[in-house]
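Q: give me a model of this one.
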Amino acid sequence: MTEPTELRVFVNGSAFSVPHGATALDAVRLFDPAVADAVVAAERAVTDSRGLPVAPGSAATGGAVYRIVSARAARDQDAP
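A: Coordinates of the predicted model:
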């Protein structure tokens with residue numbers, strides 16, 4: 001049996017298929033290229049389903065749930 005060539009991920013509740021080796025940013029780019037540009041510009045941030053920050057360059061995993069938040073909200077969450 002062969003492994004699937006794509007992974008299913010979710011961005012703000014929308015499902016996408018990404019190839020193995022794709023990043024969280026790649027998934028966000030499928031969701032909305034302008035939002036991905038905002039992530040690159042540090043105007044928006046990516047979190048997981050629990051609200052924990054996800055590095056945009058981190059490898060996507062099957063079933064990953066990403067949420068897009070304001071970069072300020074993500075920074076405020078990291079503050080002590």
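
Q: and the strands in the protein?
A: Assigned strands in the chain, in chain order: 6-11, 14-19, 44-47, 53-54, 65-70 (criterion: DSSP state E).

Q: any idea how far the residue lying closest to Asp48 once chain neighbours are set aside is from Thr2?
A: The shortest distance from Asp48 to any non-neighbouring residue, by C-beta to C-beta, 6 or more residues apart in numbering, is to Val54 (5.3 Å). For the C-beta atoms, the positions are set from N, CA and C on the backbone; glycine is no exception. Distance, Val54 to Thr2, using C-beta to C-beta, to the nearest Å: 28 Å.

Q: repeat for Gly51
A: Counting by C-beta to C-beta, the gap from Gly51 to Thr2 is 35 Å.

Q: got it, and Ala24?
A: Distance from Ala24 to Thr2, by C-beta to C-beta: 25 Å.
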